[in-house]
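> Okay, predicted coordinates and the sequence, questions at the end:
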Amino acid sequence: MPDIDFSRSATVPYMFIHEVTGTYLLPDSWDDGIGEAVQTWNENPPRTKKGQIGHLWYVESTSTQDVGLIKSYENGRCLTAGSKASDLPRLRVPDQSRLQEWIIRRVHGSDTVAHDADSYALIPRAYPDYALAPKGNVVSNNVYVIPMSMWGGPPSISQYWKAVPVTDKPGG
């Protein structure tokens with residue numbers, strides 16, 4: 001199974017699906033407005049109307065291997081860690097700050113037969129001992145997502161996200 005292809009990820013959007021809950025990463029109010037926090041959500045099928053497709057993300061490479069910017073599909077807003085690891089990440093205008101860089105580490109997920117999706121830990125480069133997970137490790141829909149401690153070890157399954165490439169681009 002291939003890793004995220006950074007060379008084409010700026011043209012192929014991804015959905016990040018939480019490995020435990022099956023919910024996907026989405027800005028708080030469906031759009032990718034500046035300042036929006038991110039949460040888990042599970043509307044099926046996801047919305048496809050322009051202005052409501054916040055569940056799609058681009059991964060843009062940086063000059064550092066396995067580090068990328070996670071950008072919203074419609075307006076290219078960067079997922080940005082807070083001033084403390086425990087702050088809610090929010091969408092911001094790209095500014096080349098370390099808070100907008102994410103270590104995208106491949107992990108062994110429970111979906112071992114998938115060929116189109118691998119699991120990753122999304123680790124804020126500014127806080128390398130933390131990885132994104134539902135706040136409080138709550139196994140539910142509609143939960144804010146924050147960096148949670150990896151407690152000195154590898155990411156736990158609550159910090160695994162499947163990266164699913166989306167070839168049918170919505171927004172009409």
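Yep, it's here. Here the structure is a predicted model, which means the values were calculated and not measured.

> how about the strands in this protein?
Under the criterion DSSP state E, the chain contains strands at 14-18, 24-27, 38-41, 57-61, 67-72, 78-80, 90-92, 101-107, 118-124, 130-134, 145-149, 161-165.

> Same list as before, those that is, but in TSV and with mean neighbour count and distance to residue 47 included.
Just so you know, the C-beta spots here come from the backbone N, C-alpha and C atoms, and that holds for glycine as well. Shown next, in TSV, are the strands of the chain (neighbours: other C-beta atoms under 10 Å; distance: least, C-beta to C-beta, whole Å):
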stretch	mean neighbour count	distance to residue 47
strand 14-18	23	12
strand 24-27	24	10
strand 38-41	23	10
strand 57-61	19	15
strand 67-72	22	14
strand 78-80	24	19
strand 90-92	20	17
strand 101-107	20	25
strand 118-124	24	22
strand 130-134	25	21
strand 145-149	21	19
strand 161-165	20	16
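
> Indicate which one of the ones you listed is closest to residue 48.
Distance to residue 48, taken as C-beta to C-beta, is lowest for strand 14-18 among the strands of the chain, at 12.5 Å.

> and the direction of that closest one versus that of strand 57-61, what angle?
110 degrees (axes from the mean of the first three to the mean of the last three C-alpha atoms, to 10 degrees).

> Quick check: closest non-adjacent residue to residue 26.
residue 41 (4.2 Å; C-beta to C-beta, 6 or more residues apart in numbering).

> Below-threshold pLDDT in this protein: ranges please.
1-10, 109-117, 169-172 (pLDDT under 70).

> please redo it, this time with the cut-off set to 80
Applying pLDDT under 80 to the chain flags residues 1-11, 108-117, 167-172.

> beta partners for the residue nearest to residue 26?
residue 24 (DSSP bridges).

> quick one, what contacts it?
Counting by C-beta atoms under 8 Å, 6 or more residues apart in numbering, residue 41 touches 23-24, 26, 55, 141-142.

> want to throw the strands of the chain into CSV with distance to residue 49?
Listed next are the strands of the chain as CSV, based on distance: least, C-beta to C-beta, whole Å:
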stretch, distance to residue 49
strand 14-18, 16
strand 24-27, 14
strand 38-41, 15
strand 57-61, 18
strand 67-72, 15
strand 78-80, 22
strand 90-92, 19
strand 101-107, 27
strand 118-124, 26
strand 130-134, 26
strand 145-149, 23
strand 161-165, 20
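
> before we move on, back to that, export the contacts of residue 41 to CSV and tack on distance to residue 134?
Shown next, in CSV, are the contacts of residue 41 (distance: C-beta to C-beta, whole Å):
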residue, distance to residue 134
23, 8
24, 12
26, 12
55, 16
141, 10
142, 10
